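Sequence and predicted structure, then a few things I'm wondering about:
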Amino acid sequence: MRVFIIILLLLWGGSGATAAGEKEILFIDRFSEGVDAKGIPVGWELEKEPGSDSKITLAQEKEGHFLRLLSAGDAFGLKKEISFDIRKYPYLSWRWRATKLPKDGDIRKRETDDQAGQIYVVFPKFPAMINFRAVGYIWDSQAPAGFSGTSTAYSKMKYVVLQSGPRKLNQWISESRNVYEDYKKLFQEDPPTVGTVLLYPKLSDSELENNIFIAKL
């Protein structure tokens, strides 16, 4: 089984206005600077080492460059450290496309916790290695769009399901979220400073052979 996801644009929109009257924008990345000696997009790090058959590549369509993550029977991802005040840049916007979803994937149960794609915004607290909060945005196979919950792996990771099921497969989907408001609603507290953005496919079911996650920021 193959799962394909493409994220075409990921950026932060500010609430303040520029001289031109437009919202301030903080680009996380545009994936136009290529990869480093290890084949990782410049400015990014591996969140977890991929298997030998998994691949990380950059590609380009008329809309721009994008990142493709192919997970062949394992779960891995990329992370980028970036620190800013979510109150100043509360809006996260991106586009993604899926061509196939994990069979029976359902984030609500630990044994079926497989998704086509995940984007997590991480808010570290001291000590950051063991004390952090994270807000995730999910494309799930079965959990309904609009459903929010807590990760079965870590109680301080909360998520919102934005897309569900195959109805919008093979279509570019534009998303925009007020991460500041989502954090306050999910954690019932004011957020600390953003520290990391995570992009990764999740694959915990051994019946899934391949998983591809593609992104451009």
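Arrived safely, thanks for sending.

Surely residue 169 is in contact with residue 100?
Yes - checked against CB atoms under 8 Å, the pair residue 169 and residue 100 is within contact range at 7.0 Å. C-beta coordinates here come from the backbone N, C-alpha and C atoms, glycine included.

Can you give me the pLDDT of residue 19?
Predicted confidence (pLDDT) for residue 19: 39.

now the one 5 residues further on
Note on residue 24: pLDDT of 78.

The nearest residue to it once chain neighbours are set aside is in what secondary structure piece?
Counting by CB to CB, 6 or more residues apart in numbering, residue 14 is the residue found nearest to residue 24 once chain neighbours are left out, at 3.3 Å. Here residue 14, judged by DSSP states H and E, is contained in strand 11-17.

continuing past that strand, what's the next helix or strand?
Remark: after strand 11-17, the chain's next helix or strand is strand 23-27, criterion DSSP H and E.

List the buried residues of that following strand.
Within strand 23-27, no residue is scored as buried using 16 or more other CB atoms under 10 Å.

residues making contact with the next helix or strand after that strand?
Going down the chain from strand 23-27, the next helix or strand is strand 45-48, by DSSP H and E. Residues from elsewhere that reach strand 45-48 (CB atoms under 8 Å, 6 or more residues apart in numbering): 40, 75-81, 198, 200.

Now do the contacts for the residue nearest to residue 200 when sequence neighbours are not counted.
Sequence neighbours aside, residue 77 is the residue nearest to residue 200 in space, at 2.1 Å (criterion: CB to CB, 6+ apart). With contact taken as CB under 8 Å, 6+ apart, residue 77 is in contact with 46-48, 69, 118, 198-201, 213.

how does it look with 7 Å?
47-48, 69, 198-200 (CB atoms under 7 Å, 6 or more residues apart in numbering).

where does this structure have low pLDDT?
Residues of the chain meeting the criterion pLDDT under 70: 1-11, 15-23, 63, 71-73, 116, 128-129, 201-217.

doesn't residue 184 fall inside a helix?
Yes - using DSSP: H, G, I helix; E, B strand; the rest coil, the assignment for residue 184 is a helix.

Can you report phi and psi for the residue nearest to residue 200?
phi -170, psi -180 (degrees, to the nearest 10).

circling back: pull out the buried residues from the contacts of residue 77.
Among the contacts of residue 77, the ones that count as buried by 16+ other CB under 10 Å are 47, 69, 198-200.

Spatially central, which residue of this protein would that be?
By CA atoms, centre = their mean, the chain has its centre lying nearest to residue 119, at 1.4 Å.

Was I right to think it contacts residue 137?
Yes - between residue 119 and residue 137 there is a contact under CB atoms under 7 Å: 4.8 Å.

What about residue 148, how many residues nearby?
The number of residues packed near residue 148 is 15, by other CB atoms under 10 Å.

let's number from 9 now, not from 1
Fine by me, first position is 9 from now on; the one you just mentioned is residue 156.

Just list the residues touching the residue lying closest to it once chain neighbours are set aside, thanks.
Take residue 156 and drop its neighbours on the chain: the residue closest to it by CB to CB, 6+ apart is residue 168, 4.7 Å away. Residue 168 sits next to 145-146, 156, 190 when contact means CB under 7 Å, 6+ apart.

Now tabulate the residues you listed in a markdown table and tack on distance to residue 121.
Formatted as a markdown table, the contacts of residue 168 follow (distance: CB to CB, whole Å):
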| residue | distance to residue 121 |
| --- | --- |
| 145 | 15 |
| 146 | 10 |
| 156 | 15 |
| 190 | 20 |
